[in-house]
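> need a 3D model of the sequence below.
(one chain, ligands or ions: 3)
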Amino acid sequence: MPTRILPLKHLLRPVLCGEDRKFGFLLFLRTMMNGGGLVDKKSAVAGGAEEMCGEDCATMDQPITPWTVSVASGHTLMRDPRHNKGLAFTEKERDAHYLRGLLPPAVLSQELQEKRLMHILRQYKVPLQRYIAMMDLQERNERLFYKLLIDNVEELLPVVYTPTVGEACQKYGSIFRRPQGLYISLKEKGKVHEVLKNWPERSVQVIVVTDGERILGLGDLGCQGMGIPVGKLSLYTALGGVRPSACLPITIDVGTNNEKLLNDEFYTGLRQRRATGQAYAELLHEFMSAVKQIYGEKVLIQFEDFANHNAFELLARYSSSHLVFNDDIQGTASVVLSGLIAALKLLGGTLADHRFLFLGAGEAGTGIAELIALEMSKQTGNPIEENRKKIWLVDSKGLIVESHKQSLQHFKKPWAHEHEPVTKLVDAVKAIKPTVLIGTSGVGKQFTKEVVEAMASINEKPLIMALSNPTSQAECTAEEAYTWSEGRAIFASGSPFDPFEYNGKVFVPGQANNAYIFPGFGLGLIISGAIRVHDDMLLAASEALASQVTEEHFKKGLIYPPFSDIRKISANIAAKVATKAYELGLASHLPQPKNLVKHAESCMYNPVYRSYL
Ligand SMILES: NC(=O)C1=CN([C@@H]2O[C@H](COP(=O)(O)OP(=O)(O)OC[C@H]3O[C@@H](n4cnc5c(N)ncnc54)[C@H](OP(=O)(O)O)[C@@H]3O)[C@@H](O)[C@H]2O)C=CC1
Ligand SMILES: CC(=O)C(=O)O
Ligand SMILES: [Mg+2]
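Ligands and ions are numbered 1, 2, ... in the order given. Next up, the predicted model:
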């Protein structure tokens, strides 16, 4: 049997990856002793990872340490999603890496593999089947997964992201195949550092973390919320070019109050009601401290789909000590502000000339409202308190007004203006006469015919945003917005809707989703080495996105550029965010590159196969 001589760097790599672990060094020493140095005797047979104890030994009833040296070739290489190319391994690669006979003879290009997979995906009529097929692909062949996603982004975004990811989370227990991401549960309290160290990658740059309590507009899905960090991080890579190995999806499982899940035999999470108060805060604090200790000051922690009673507090608590970003509060604010800046070209006037009414006064609603008021202040020089008066919010009890202020959650208080109480949305529309109506309630069908007609009777071009996800929770559909406003509405929604023809004209609805912002935003933080997030970076991202909307888009009624241009858009957002980081003295990567757009583009992960020769 041929013995394979491994280059030193191959053997050192896994050791260095775990450089802060004694384990890694022991492994290296043991390799040297066992194989007489840089010789992997097993790889010629099994074609890859050398198991120090071997198969026979592993079946014996005695403690075994599963030590391996991870140099992949042969079967192991084909099972490694990061390096697998499937039928695209060339003839030379098949010879060099012990793949002969393990693959059928045909060699396919990545393009042909892509064509074949799109053909298969399109045959699945059930969205969840497409989701499962995409997850399988990600687990099998990472580069092909990202190539597919990037090249077919408009078609596949609704599969790996909203709306389908919502259904996937609801059914996560029954469609569960292989675990993705890292689970930190109450059981690991006191051991979070060790759990984080189990993650195989050392150079993590972005963590998306949820506790599963407010998954889209679907409520508490407990541990099954994992689909969200996994999906968001796929977009970090596909849309923002952050390499997959730098992305870490995490679900913190503190239990669930979802009775259905607690009684579901396939539920994968802790079967207990949610921990709150000190127990919750302590686990989260342990997590935040351990992350910084392991991955350093510059790892970005994106909070996602926490319930608002924790989300605001976590952001406030950690924004001065960690690089934290709440996508639902800040990312959503930035994408909506961008849509508004762009829409002014269609509506006329300045931001301060408009009146805004929100249905929903939680993370998304108050986050957007605050950024709009901040941007107005930047533009007019007026105090932010003045600008807030142009923005009104309705919660589940009705219009937020001064007389209810005492009983309001802290994040609603700035929006309690002088007005008599109004309970119904349609009456609030008639009383406030907004030019812009924004839905962030998480409850579908709230923009009724009456509401849309009221908006259309007040405004020549009512701007209506139905932001709640997934599609089932959208405040209204594109068809409803266009029909009830007799084709006058400018419409955007959180989850995508198909173009709609009304009176012979085709209307293309925009997708107001934070997916436009967070990938480029995160890339900007990474390339500048930013250590903190600042509101001015959110404003810079909004302006960067709005600047990508062209006359051609406006003609179609669009206030966002198409997702098909997202990599270019993300590079522009990243450059503006990074510029702001340098201006604010928050960047640590010095000197500042001359052309930040080019620099951002050059840093972006490209999923084209690499040659292994
Ligand atoms: N498009 C995008 O990019 C994004 C969309 N979203 C979507 O926005 C929605 C809300 O998210 P988030 O703000 O985090 O959730 P929150 O739970 O923080 O806020 C929901 C708000 O809606 C109010 N509400 C609930 N039911 C009604 C009702 N029937 N009438 C009026 N108001 C109601 C709640 O009132 P009360 O306070 O009285 O309970 C609360 O103020 C979700 O569907 C989410 O998917 C979120 C982030 C990004
Ligand atoms: C898009 C998003 O972040 C949400 O709906 O929660
Ligand atoms: Mg979210």
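> CA only for contacts and neighbour counts going forward, please
Noted.
> now do the strands in the stretch 251-400 of the chain.
For the stretch 251-400 of the chain, applying DSSP state E, counting those that start in this stretch gives strands covering 300-303, 323-326, 356-359, 391-395, 398-399.
> the ones you listed into TSV, with extra columns for mean neighbour count, distance to V336 and mean pLDDT?
Shown next, in TSV, are those (neighbours: other Cα atoms under 10 Å; distance: least, Cα to Cα, whole Å; pLDDT from 0 to 100):
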stretch	mean neighbour count	distance to V336	mean pLDDT
strand 300-303	24	18	98
strand 323-326	24	15	98
strand 356-359	26	12	98
strand 391-395	24	14	98
strand 398-399	24	21	98
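> could you dump those strands into TSV and include distance to ligand 3?
Formatted as TSV, the strands of the stretch 251-400 of the chain follow (distance: least, Cα to the ion, whole Å):
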stretch	distance to ligand 3
strand 300-303	8
strand 323-326	9
strand 356-359	17
strand 391-395	19
strand 398-399	24
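> please name the nearest non-neighbouring residue to the closest residue to ligand 3 within the stretch 401-550 of the chain.
Closest to ligand 3 within the stretch 401-550 of the chain is N514: 8.0 Å, counting by Cα to the ion. Closest residue to N514 apart from its sequence neighbours, by Cα to Cα, 6 or more residues apart in numbering: T332 at 4.8 Å.
> for burial, what's the neighbour tally of the one you found?
28 (other Cα atoms under 10 Å).
> now it: how far from ligand 2?
Distance of T332 to ligand 2, given as Cα to the nearest ligand atom, to the nearest Å: 7 Å.
> kindly report the same for K197.
On the measure of Cα to the nearest ligand atom, K197 and ligand 2 end up 28 Å apart.
> how about that residue, nearest residue that isn't a chain neighbour?
Spatial nearest neighbour of K197, chain neighbours left out: I294 (7.8 Å); criterion: Cα to Cα, 6+ apart.
> ditto for S203
Distance criterion Cα to Cα, 6+ apart; nearest residue to S203, sequence neighbours excluded, is A246 at 5.9 Å.
> next, give phi and psi for that neighbour.
Main-chain dihedrals, A246, degrees, to the nearest 10: phi -90, psi 0.
> please apply the same query to K505.
phi -110, psi 140.
> contact partners for it?
K505 sits next to no residue when contact means Cα atoms under 8 Å, 6 or more residues apart in numbering.
> can you check the pLDDT for it?
With respect to pLDDT, K505 has a value of 93.
> and it, what are its bridge partners?
K505 forms beta bridges with Y502, as assigned by DSSP bridges.
> outside of the strand or helix carrying A492, which residues touch it?
Assigned by DSSP states H and E, A492 falls within strand 490-493. Applying Cα under 8 Å, 6+ apart, the set of residues contacting strand 490-493 from outside is 461-468, 474, 478, 481-482, 509-513, 557-559.
> helix, strand or coil for L103?
Three-state assignment for L103 (DSSP: H, G, I helix; E, B strand; the rest coil): coil.
> can you name the residues that contact it?
Taking Cα under 8 Å, 6+ apart, one finds G86, L87 in contact with L103.
> can you check the one 4 residues further on too?
By Cα under 8 Å, 6+ apart, V107 lies in contact with L87, A88, F89, T90, E91.
> same deal with S547?
Taking Cα under 8 Å, 6+ apart, one finds A342 in contact with S547.
> same thing with L374?
Per Cα under 8 Å, 6+ apart, neighbours of L374: I384, N387.
> isn't the residue of the stretch 401-550 of the chain closest to ligand 3 right up against I329?
No: contact criterion Cα atoms under 8 Å: N514 and I329 do not qualify, at 9.7 Å.
> what about the closest residue to V401 other than its chain neighbours, neighbour count?
Using Cα to Cα, 6+ apart and skipping residues adjacent in sequence, the residue nearest V401 is A416, 4.3 Å away. A416 is flanked by 21 other residues according to other Cα under 10 Å.
> how about the residues of the protein near ligand 2?
Applying Cα under 6 Å from any ligand atom, we find that the chain lies next to ligand 2 at L216, D305, D328, N469, N513, N514.
> skipping adjacent residues, who's closest to R488 in space?
With Cα to Cα, 6+ apart, the residue lying closest to R488 is K461, at 5.3 Å.
> which SSE is that neighbour in?
Counting by DSSP H and E, K461 is part of no helix or strand.
> test my guess that it contacts Y482.
No: K461 is not in contact with Y482 according to Cα under 8 Å; the separation is 10.8 Å.
> intersection of neighbour lists for those two?
Joint contacts of K461 and Y482 (Cα under 8 Å, 6+ apart) are R488, A489.
> ok so, going back, filter the residues of the chain next to ligand 2 down to the ones near ligand 1?
Restricting the residues of the chain next to ligand 2 to those near ligand 1 - Cα under 6 Å from any ligand atom - leaves L216, D328, N469, N513, N514.
> so the third one touches Q511, yeah?
No: because the distance of 11.1 Å does not satisfy Cα under 8 Å, N469 is recorded as not touching Q511.
> find residues that contact each of the two.
Common neighbours of N469 and Q511 (criterion: Cα under 8 Å, 6+ apart): G494, S495.
> if we can go back for a sec, does the residue nearest to V401 touch G398 like I think?
No: when contacts are counted by Cα under 8 Å, A416 is not listed as touching G398 (11.4 Å).
> list residues touching both of the two?
By Cα under 8 Å, 6+ apart, no residue touches both A416 and G398.
> element containing the residue nearest the centre of the chain?
Central residue of the chain (Cα atoms, centre = their mean): K232, 2.1 Å from the mean position. Element membership for K232, per DSSP H and E: helix 227-238.
> what packs against that helix?
Contact here means 3 or more Cα pairs under 8 Å, 6 or more residues apart in numbering; DSSP states H and E; on that basis helix 227-238 packs against helix 142-151, helix 164-170, strand 206-210, strand 247-253, helix 518-528.
> tell me the most buried of the ones you listed?
helix 518-528 (a mean of 29; mean count of other Cα atoms under 10 Å).
> tell me the helix or strand right after that one.
helix 535-546.
> could you check the angle helix 518-528 makes with that next one?
120 degrees (axes from the mean of the first three to the mean of the last three Cα atoms, to 10 degrees).
> after helix 535-546, next one along is what?
Following helix 535-546 toward the C-terminus (DSSP H and E): helix 551-555.
> that following helix: how far from the chain's middle?
28 Å (Cα atoms, centre = their mean, to the nearest Å).
> next one: stretch 542-556
23 Å.
> quick one: secondary structure of whatever residue of the stretch 51-200 of the chain ends up closest to ligand 3?
Closest contact between the stretch 51-200 of the chain and ligand 3, by Cα to the ion, is at T162 (9.9 Å). Following three-state DSSP, the label given to T162 is coil.
> got the residues of the stretch 451-600 of the chain near ligand 1?
L467, S468, N469, G494, A512, N513, N514.
> on that earlier part again, next, the residue nearest to V401: phi, psi?
Dihedral angles (degrees, to the nearest 10) for A416: phi -90, psi 100.
> contacting residues around it?
I400, V401, E402, S403, H404, K405.
> let's see 7 Å
I400, V401, E402, K405 (Cα atoms under 7 Å, 6 or more residues apart in numbering).
> quick one: S174 and F266 touch, right?
Yes: if you go by Cα atoms under 7 Å, S174 and F266 touch, sitting 6.2 Å apart.
> circling back to that earlier point, farthest-separated two in the residues of the chain next to ligand 2?
Farthest-apart pair in those is D305 and N513; separation 13.9 Å (Cα to Cα).
> residue ranges of the helices in the stretch 351-500 of the chain, please?
Taking DSSP state H, counting those that start in this stretch, the helices of the stretch 351-500 of the chain run over residues 363-380, 384-388, 425-432, 449-458, 478-484.
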